[in-house]
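Asker: fold the following for me, if possible:
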Amino acid sequence: MSSYEDKLESCLDLLRRLDPQKITDNLNDLCTVIQNEGSQESEELTGDLLSTVDTPLQISKCSDSGKEYLCCDYNRDGDSYRSPWSNKYFPPVLDSEDAPPPYPSAVLRELEVKANESFEIYRDLYYEGAGISSVYLWDTEEDESTSLENGFAGVVLLKKETEDRTGKWDSIHVFEVIPESSSTAIYKITSSVILDLSNSKVSSLSLSGNLTRQIESSQSLNLDNALNLETAHLINLGTIVEKSEYNLRNVLQEVYFDKLKDIMIKDLRSVGDLSAKTIENQRQSELVKGLQGN
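Answerer: A predicted model of the protein is given here:
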């Protein structure tokens, strides 16, 4: 009998081999098949797949602020998603004393608001003023935190589409901040990019895939250059996300575009060489026929 780890790895391997443009549909179909088993293990396997496999970010609109925000597993409760602008779930979630929807602590919510404002500026600078950004934070301690000194975790989401929707970029940066001392903290970040490109004139040509990288860095909480601890964390997070996206873009350039260019040039040369060879063979055949006729 296969172990739980073997089943999970088999599911992930299957998804890697399927069309990346249909990753959301493929993941949902696979989870449906698994849940038909109706066991506790199938529920756990479904949960692990949903949290492990990155899918293109969905867009929702905050009814209170009128602003759009990005949806992922980290701001979800059932079928509702929390807006970073109003801190409310849409569609509204019925509060329950047994299982209330998750919210960040008050001190973390203040940082979340500032983080969303900061990454809007980042998006304007690096995404040419287009796209959508959202930041969500959550407490890592069981008890509600009253300060940032105990650390926290969060996710930075960025999404951009071309006007004709033939190019899509989704970046997901999940991070954890672990206090190391009163003046330093460790930042662990897992960054994923989902890229989807297609040619509107040639429907059969598309380029899709995803890439994941991890960074762990010890950063100074230098309050001399920051107004307070909040600002220090925002500066460090912005720097690390910027570095991570720069590295991912470089890898994508080398792996996707340069390799694709080499393949296409090689194929075109092969076609050109084949055409030249065919013409040469025809000439030789005509020459031989002419000699035989004489």
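Asker: hey, let's count contacts and neighbours off CA atoms from now on
Answerer: Will do.
Asker: can you give me the strands for the stretch 51-200 of the chain?
Answerer: 58-61, 68-71, 76-77, 80-82, 89-90, 132-138, 152-161, 167-179, 184-198 (DSSP state E, counting those that start in this stretch).
Asker: report the distance from the last one to the chain centre.
Answerer: In this view, strand 184-198 has its centroid 7 Å away from the chain centroid, taken as C-alpha atoms, centre = their mean, to the nearest Å.
Asker: check which residues of whichever helix or strand comes after that strand are buried.
Answerer: Following strand 184-198 in sequence order, the next helix or strand is strand 206-220 (DSSP states H and E). Residues 208, 209, 210, 219, 220 are the ones in strand 206-220 that count as buried (16 or more other C-alpha atoms under 10 Å).
Asker: quick check: the first one touching residue 197?
Answerer: Spelled out, that is residue 208. Yes. The pair residue 208 / residue 197 is scored as a contact, 6.1 Å apart, by C-alpha atoms under 8 Å.
Asker: domain ranges for this protein?
Answerer: If you go by automatic domain parsing, the domain ranges for the chain are 1-53, 56-252.
Asker: just send those domains back as CSV, with mean pLDDT and distance to residue 262 too.
Answerer: As requested, the domains of the chain are exported to CSV (pLDDT from 0 to 100; distance: least, C-alpha to C-alpha, whole Å):
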stretch, mean pLDDT, distance to residue 262
domain 1-53, 89, 22
domain 56-252, 90, 14
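Asker: for residue 259, which of the ones you listed is the nearest?
Answerer: Taking C-alpha to C-alpha, domain 56-252 is the member of the domains of the chain nearest to residue 259, at 9.8 Å.
Asker: can you put the domains of the chain in TSV and add distance to residue 258?
Answerer: Below are the domains of the chain laid out as TSV (distance: least, C-alpha to C-alpha, whole Å):
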stretch	distance to residue 258
domain 1-53	20
domain 56-252	9
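Asker: so of those domains, which one's packed in deepest?
Answerer: With neighbours defined as mean count of other C-alpha atoms under 10 Å, the domains of the chain peak in mean count at domain 56-252, which reaches a mean of 17.
Asker: quick one: distance of that one to the chain centre.
Answerer: Centre-to-centre, domain 56-252 and its host chain are 10 Å apart (C-alpha atoms, centre = their mean).
Asker: now do it: distance from first to last residue.
Answerer: Domain 56-252 has its terminal residues 17 Å apart, counting by C-alpha to C-alpha, to the nearest Å.
Asker: what's the closest of the buried residues of strand 206-220 to residue 69?
Answerer: Closest to residue 69, out of all of these and judged by C-alpha to C-alpha, is residue 210, at 21.7 Å.
Asker: who's the closest residue to the closest one other than its chain neighbours bridged to?
Answerer: Nearest residue to residue 210 in three dimensions, chain neighbours excluded: residue 194, at 4.3 Å (C-alpha to C-alpha, 6 or more residues apart in numbering). With DSSP bridges applied, residue 194 shows beta-bridge pairing to residue 170, residue 210.
Asker: any idea how far residue 54 is from residue 194?
Answerer: Residue 194 sits 8 Å away from residue 54, going by C-alpha to C-alpha.
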